[in-house]
Structure formats: structure tokens, C-alpha cells
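Asks: dropping the sequence and predicted coords here.
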Amino acid sequence: MDTPTITLTLLGASGSGKTLFLHGMYATLSAGVAGYFVYTRDPDDDVDLMDVWDRLNDKGTLPPPTDMDGQKSYEFVFTHGIDPLLHIDCVDFRGGATDGKSGDADDSQAIHDRLLVSDSIYLVLDGEHLANWVLAIRDLDDVGASRPNRSRDPMKVAGLSRLIYTAVKARQEQGKLPPSLVLLITKSDLIEPITGMSRGTALSIAARHMKALVPIAYSDGMTSLVCPVQIGRLGTELHGTVDPDALDPVGLHRPFVFSLWYYLVEQIQNNRTALSYLREQRSDARQTVDELRSRLGGTLLHRGKIRAGERTVGTRDQQIQEVERELAALQSLADKLIAELGRLPIVTDGRARLVLEEVQR
């Protein structure tokens, strides 16, 4: 199986933790998590990413924000052991590029163009703001009432959702599948101290109302993962320096795992469609051969057609076996990946469910 390449785009408001997530993800996965690894195709990117992480570990110096030119690009390779699983063309847009401020027309067009070709989108939700949102909505029964006020939307969810919605509709009009979507909750260590609840309880409340916060994630045809992550217990003042002893990365590999899993789900579906078509062709060829054999006992003309039909049956048998082997390999890897996601909710067509069960049917 050839190593696939997917296009990944990160969107989030200024200070949401996108850049810190990328550095923490890379440092964690370059050392390996459950046998999964990430490295950069450009060695200079590896040096830059690890230098920033080393300064954070040694002195607590936080990484600088994404370049003011609007974006930072990386080419990652995601592996299991030494086996490459996925090439990832990744772009991190600076928060200000998505804030919709005057003068950002070029940035908005660049984001729109990028989203049109994105296979996976990570919408970064700041755990501090999400925790405050949970406090505001915890006693609401009306999900619609929990829709964010556009004038008080520190995570810029409304504007970012609009960008994603516009791109998804444009892809649909072009006959393309929608991208997978990760609702990446950064700074999840802040949820408990802010809400006074356990992280699980607070996230359960958030999940019940998430459709009002990010409706695009619950649209028909969309597959989304709700994924809390943390770099450590760093507090709310993420400016300049933090306590390096508080670093405690959790769950940083799971978004990449999900992106690969979703790609495999699509490939499994494509292979099953191809397998069904090949089996139909084999059945038609076999029926033709049987009919020719039953006619007149085999003139020379019929014998030639029979041999040609038998060759077609043999070719289709080989093709079916190849697709079945690839399908089994894809399914085996998908099963391993879904196990890595633990009990995180995956939303398809507006409902949270175990998507792998749907794939296996």
C-alpha cells in the first residue's frame, strides 16, 4: 500500500494554542507514543521545532506565535515503528489571519483556497474559553440558547465555522467529499479549575451543546472528532515563560491518528465498491463461459471465446485477491487506530457513534 498524503489545516483564534500544540505534538511523537512516530521531511524543520521545545523544557520559554506573514508550513511523516503510514502537508495559519479584521482580505483568500484542498481541518478551541462557556450553559435545557454571541466570541468560532462551511459547500459543488474535522480542545488542564467540575463532567456538558457552538461539525456528510489535549498544567498566563516542571503532554498524537483513520475509512469504502464491481465482472464472465460451453459442444469459434472468457475469470480472480488483501490490511490498521482514540466521541452526520461499526458492516 502506497503511503498516502493528506492536506491538513489548523485554524484558531490568536492565543488558542495552535502553535504550542504543534510543537508539543512533534516533540511527543518524535520520541514515540504507543509505537507511533512523526518526523519532518525537511531536517531544518526538525531542528527548529525541537529547539523551541528544548527551550520550553529548559527555561519555560514559550514558542513565538506563527509568523506574521500569515502561515507556517510543515511536511510531516507519520509512522508506526519504521513503517510510514501517512505524509501530512500541514499549514498553521496565525490567529490574526482568521479574525476577519480589515486588511486581512489576502489572508482570508489564502485560507479559503487552502480549505478547498484540505483533507482534514483542526479547529482549535481554547480550553480556558471553553470552560467559561461550559459554566454559562451548564443549566440550559435549550441547546439553541447556547449558541455563542458573535460579539462575545473569544474563540472566533462563528467566523472560523463560516470559513469551513463555505469551503465544504464549494467542495460539494465540485463533487468532492468534505474534509474530516477535529475540534481540538487545547489547554484542557484548565477545564477542572475553572469549572469546578471533573474534566469528564465538563466535557460531557460541552459535548451535549457542541452542536450549537460548532454546527458545521454536526452537518450531514461531516465526520468530526472532539479531542481534548494538553501540553501541561501551565495555568492561564501563557505569556513569555511558564514553569517547565509543569509540562505534562496528554493526547497530542490522537488528532493525527484520527486523520489517518478517516483516510483509511474512505479507502475501505472505495475498496469495497471496487471489490463488488470486480465480483460482478467475474460473475458475468463465468456466466458467458458456461453459456458458450452449453452451445453445440464447442466449435472452434466458441472454443476461442471460451478460452478468452476463462482468462477474464482468472484475471478477475487475481484482482479480487489483491483487493481483498489490501482491504484486510486497511481494516487491521483502522482497528488499531480506533483503539488509540479511546472513548473520544466521533460525530458522523450529526450523531456521536462508533464509526468503525458502520465501516465493518
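Replies: Received it, and whenever you're ready, just let me know what you need.
Asks: now for the host helix or strand of residue 114, which elements pack on it?
Replies: Element membership for residue 114 (DSSP states H and E) is helix 105-116. Helices and strands touching helix 105-116, by 3 or more CB pairs under 8 Å, 6 or more residues apart in numbering; DSSP states H and E, are strand 5-12, strand 83-93, helix 157-173. The C-beta positions use only the backbone N, C-alpha and C, and glycine is treated the same way.
Asks: next secondary structure element downstream of it?
Replies: Counting by DSSP H and E, what follows helix 105-116 is strand 120-126.
Asks: any idea where the strands of the stretch 101-250 of the chain begin and end?
Replies: Using DSSP state E, counting those that start in this stretch, the strands found in the stretch 101-250 of the chain span residues 120-126, 180-186, 223-228, 230-232, 247-250.
Asks: starting at the chain centroid, how far to the shortest one?
Replies: Read it as strand 230-232. Here strand 230-232 is found 20 Å from its chain centre; the criterion is CA atoms, centre = their mean, to the nearest Å.
Asks: what residues does that strand touch?
Replies: Residues outside strand 230-232 that contact it (CB atoms under 8 Å, 6 or more residues apart in numbering): 17, 20-21, 24, 127, 186-189, 242, 246-252.
Asks: chain neighbours aside, what residue packs nearest to the residue nearest the centre of the chain?
Replies: Centroid check for the chain by CA atoms, centre = their mean gives residue 259 as the closest residue, at 3.1 Å. Leaving aside its sequence neighbours, residue 259 sits nearest to residue 120 (CB to CB, 6 or more residues apart in numbering; 4.3 Å).
Asks: pretty sure that neighbour sits against residue 179.
Replies: Yes. The pair residue 120 / residue 179 is scored as a contact, 5.5 Å apart, by CB atoms under 8 Å.
Asks: JSON lines please, covering the strands of the stretch 101-250 of the chain and showing mean pLDDT.
Replies: Output for these, formatted as JSON lines (pLDDT from 0 to 100):
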{"stretch": "strand 120-126", "mean pLDDT": "94"}
{"stretch": "strand 180-186", "mean pLDDT": "94"}
{"stretch": "strand 223-228", "mean pLDDT": "92"}
{"stretch": "strand 230-232", "mean pLDDT": "87"}
{"stretch": "strand 247-250", "mean pLDDT": "86"}
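Asks: out of the ones you listed, which gets nearest to residue 76?
Replies: Nearest of the strands of the stretch 101-250 of the chain to residue 76, taken as CB to CB: strand 120-126 at 12.1 Å.
Asks: show me what the closest one is packed up against.
Replies: With 3+ CB pairs under 8 Å, 6+ apart as the test, strand 120-126 has strand 5-12, helix 18-31, helix 157-173, strand 180-186, helix 254-293 packed against it.
Asks: any low-confidence regions in the stretch 151-300 of the chain?
Replies: 151-152, 235-240, 296-300 (pLDDT under 70).
Asks: could the strands of the stretch 101-250 of the chain be laid out in TSV, adding distance to residue 54 and mean neighbour count?
Replies: Shown next, in TSV, are the strands of the stretch 101-250 of the chain (distance: least, CB to CB, whole Å; neighbours: other CB atoms under 10 Å):
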stretch	distance to residue 54	mean neighbour count
strand 120-126	24	26
strand 180-186	21	26
strand 223-228	26	24
strand 230-232	14	24
strand 247-250	12	16
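Asks: re the thing from before, list the buried residues in the helix holding residue 114.
Replies: For helix 105-116, the neighbour count (16 or more other CB atoms under 10 Å) marks 107-108, 110-111, 114-116 as buried.
Asks: which one among those residues gets closest to residue 280?
Replies: Among the buried residues of helix 105-116, and counting by CB to CB, the member closest to residue 280 is residue 116, at 34.8 Å.
Asks: contacts only, for the residue nearest to the closest one when sequence neighbours are not counted.
Replies: The shortest distance from residue 116 to any non-neighbouring residue, by CB to CB, 6+ apart, is to residue 167 (5.4 Å). Residue 167 sits next to 112, 115-116, 118, 179 when contact means CB under 8 Å, 6+ apart.
Asks: what do you get for residue 34?
Replies: For residue 34, counting by CB under 8 Å, 6+ apart, the contacting residues are 253, 340.
Asks: and for residue 132?
Replies: If you count contacts by CB under 8 Å, 6+ apart, then residue 132 has residue 194 around it.
Asks: what does residue 267 give?
Replies: Going by CB under 8 Å, 6+ apart, the list of residues near residue 267 reads 4, 330.
Asks: begin at 31 from now on, thanks
Replies: From this message on, residue numbering opens at 31, which makes the last subject residue 297.
Asks: measure it to residue 236 for me?
Replies: Distance of residue 297 to residue 236, given as CB to CB, to the nearest Å: 31 Å.
Asks: likewise residue 355?
Replies: Counting by CB to CB - residue 355 and residue 236 are separated by 42 Å.
Asks: looking at those two, which one has more neighbours?
Replies: residue 236 (24 against 11; other CB atoms under 10 Å).
Asks: not counting sequence-adjacent ones, nearest residue to the more buried one?
Replies: Closest to residue 236 by CB to CB, 6+ apart is residue 164, at 5.3 Å.
Asks: next, count neighbours for the one you found.
Replies: Counted with other CB under 10 Å, the neighbours of residue 164 add up to 21.
Asks: just residue 84 next, same as before
Replies: 12.
Asks: how close does it get to residue 356?
Replies: The value you get for residue 84 to residue 356, if CB to CB is used, is 41 Å.
Asks: just give the number of residues close to residue 287.
Replies: There are 26 residues near residue 287, going by other CB under 10 Å.
Asks: swap in the one 5 residues further on?
Replies: Burial of residue 292 is recorded as 24 neighbouring residues (other CB under 10 Å).
Asks: try residue 227
Replies: 18.
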